[in-house]
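[1] show me how the following folds:
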Amino acid sequence: MRVVAGSLRGRRLQAPEVAATRPTSDRVREAMFNALASLDGVTDAVVLDLFAGSGALGIEALSRGAAHCTFVESARPALTALRANLDGLGLRDRATVAPLDVQRFLASAPAADLVLADPPYSFDRWEGLMGGLDTGLRVTGLLVAESDRPVEPAPGWEVVRAKRYGTTHVTFLRRADRATGR
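    As a prediction, this is how the structure comes out:
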């Protein structure tokens, strides 16, 4: 697995060797971030990478100009790979690692411009996650949800863009009460 574009383009990332972590393919990551660029969603953004795994999504955001990323991950093997990736790429000064369950993290999460959520494909609590973002977090930009099926917007949210890449569905959502961005 490599960083797809930006200042770290081509750099290798470590991935945990456990079946529970499913890395986003380079093809999907590239398409996702190209779409985010067209929506002006990355440059100077404060990012949350929920269910971070190896950190590939948040690292891609940092490589493409995000100001800071908080990586939320609770699995120890993934945390080991994530920290090694941040150290190896020299990103510790632009990153925070929160070794917590996502729902617990959302209870006191900082404000963010972009939220990246790539939970295990069995995840079915999208409405609760969006509700946690509503009450525990000021989302001033986009939530990008990766799943094995389309993600339906919770009340108060709207789909901005949705695309399928093989078995992966990427849904870009925004709070319905927000204007066109930051």
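[2] which of the residues in the helix or strand of the chain with the lowest mean pLDDT are buried?
    In the chain, the helix or strand scored least confidently by mean pLDDT, DSSP states H and E is helix 126-136, which has a mean of 82. For helix 126-136, burial by neighbour count (16 or more other C-beta atoms under 10 Å) applies to 126, 129-134. For the C-beta atoms, the positions are set from N, CA and C on the backbone; glycine is no exception.
[3] which non-adjacent residue is nearest the one residue sitting closest to the centre of the chain?
    Nearest to the geometric centre of the chain sits Leu116, at 2.0 Å (C-alpha atoms, centre = their mean). Of all residues not flanking Leu116 in the chain, Leu57 sits nearest, at 4.4 Å (C-beta to C-beta, 6 or more residues apart in numbering).
[4] identify the residues contacting Phe105.
    50, 72, 98 (C-beta atoms under 8 Å, 6 or more residues apart in numbering).
[5] surely Phe51 and Pro119 touch.
    Yes. At 4.3 Å, Phe51 counts as touching Pro119 under the criterion of C-beta atoms under 8 Å.
[6] give me the common contacts of these two.
    By C-beta under 8 Å, 6+ apart, the residues touching both Phe51 and Pro119 are Val102.
[7] looking at the two, which has the bigger crowd around it?
    Phe51 (23 against 18; other C-beta atoms under 10 Å).
[8] I appreciate the help and will end here.
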